[in-house]
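Q: quick one, fold the following:
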Amino acid sequence: MLVSAGCDVIVSDDGLQHYALARDCEVVVIDGDRRFGNGWLLPAGPLREAPGRLKVADAIVVNGGRPLLKDALGMRLEAKNAVALKGGAVQPLTALAGHSIHAIAGIGNPERFFNMLRSRGIEVIGRPLADHARLTQSDIEFDDDKPVLMTEKDAVKCEAFAGERHWYVPVTATFELGESHRLLKIILDKMVNRDG
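A: This is a model prediction of the structure:
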């Protein structure tokens with residue numbers, strides 16, 4: 001459908017395991033904190049692919065921390081603001097420094113989100129949820145009036161029932177020392193080879 005609409009580039013998140021999906025370039029992202037965990041595949045461990053799969057990837061990006069793998073690119077997620085689910089008001093995370101908040105994260109590594117907030121001086125009461133959790137109103141309600149911060153990924157699941165104290169924290173990927181240019185070159189070279 002996308003190709004018939006004129007699209008010539010499709011980016012697929014978590015597409016590495018979809019072997020029937022044709023691809024020109026594979027970028028593997030590794031959690032820089034947990035790395036390969038216990039070395040086991042889901043559901044026994046955190047891996048979606050065996051580490052041997054890295055040998056055929058076009059690029060390896062390590063999210064958080066300096067990559068220890070040869071030729072891997074270093075990336076980190078940065079956040080500056082919180083955005084209200086109702087009304088879209090924006091406030092800097094620095095405004096929450098010294099305050100206690102609830103934080104919700106239904107991502108692969110919820111502690112990364114909680115620690116990012118803590119690094120801004122925010123006192124976090126964390127509620128980790130399963131990756132891709134289906135959130136309900138009870139998941140984001142608490143018996144106090146503290147603000148509730150969540151990932152942008154989780155926020156889209158809560159828009160219909162969020163209240164005034166619910167905020168999401170958008171993040172931006174930042175690469176080390178111009179490594180975004182290296183990644184872009186890898187991707188563009190693969191696209192040229194596809195078209196050429």
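Q: from the chain's centroid, how far away is the helix ranked longest in the chain?
A: Scanning the chain for the longest helix, with DSSP state H as the assignment, gives helix 179-195. Centroid separation between helix 179-195 and its chain, computed with CA atoms, centre = their mean, to the nearest Å, is 22 Å.
Q: alpha carbons of that helix, as CSV, please.
A: Output in CSV follows, covering the C-alpha atoms of helix 179-195 (Å, rounded to 0.1, in the frame of the first residue of the first chain):
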residue,chain,number,x,y,z
GLU,A,179,28.2,9.3,14.3
SER,A,180,24.8,10.2,13.0
HIS,A,181,26.6,11.0,9.7
ARG,A,182,28.2,7.6,9.7
LEU,A,183,24.8,6.0,10.1
LEU,A,184,23.2,8.1,7.4
LYS,A,185,26.1,7.2,5.0
ILE,A,186,25.6,3.5,5.7
ILE,A,187,21.9,3.8,5.0
LEU,A,188,22.2,6.0,1.9
ASP,A,189,25.0,3.7,0.4
LYS,A,190,22.6,0.7,0.8
MET,A,191,19.8,2.6,-0.9
VAL,A,192,22.1,3.7,-3.8
ASN,A,193,23.2,0.1,-4.2
ARG,A,194,19.5,-1.0,-4.3
ASP,A,195,18.7,1.6,-6.9
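Q: now it: buried residues?
A: Residues E179, L183, I186, I187, K190 are the ones in helix 179-195 that count as buried (16 or more other CB atoms under 10 Å). All C-beta atoms are positioned from the backbone trio N, CA, C, and that covers glycine.
Q: likewise for stretch 136-144?
A: D139, I140.
Q: ok, so of the buried residues of helix 179-195, who is nearest S138?
A: Within the buried residues of helix 179-195, the smallest distance to S138 is 40.2 Å, found for L183 (CB to CB).
Q: and this protein, what are its domain boundaries?
A: Per automatic domain parsing, the structural domains of the chain span 27-76+174-195, 80-170.
Q: so which of these gets nearest V9?
A: Closest among the domains of the chain, using CB to CB: domain 27-76+174-195, at 7.3 Å.
Q: quick one: mean pLDDT for the closest one?
A: For domain 27-76+174-195, mean pLDDT is 86.
Q: that older thread, quick check, nearest of the buried residues of helix 179-195 to A44?
A: Among these, L183 lies closest to A44 (CB to CB), at 30.9 Å.
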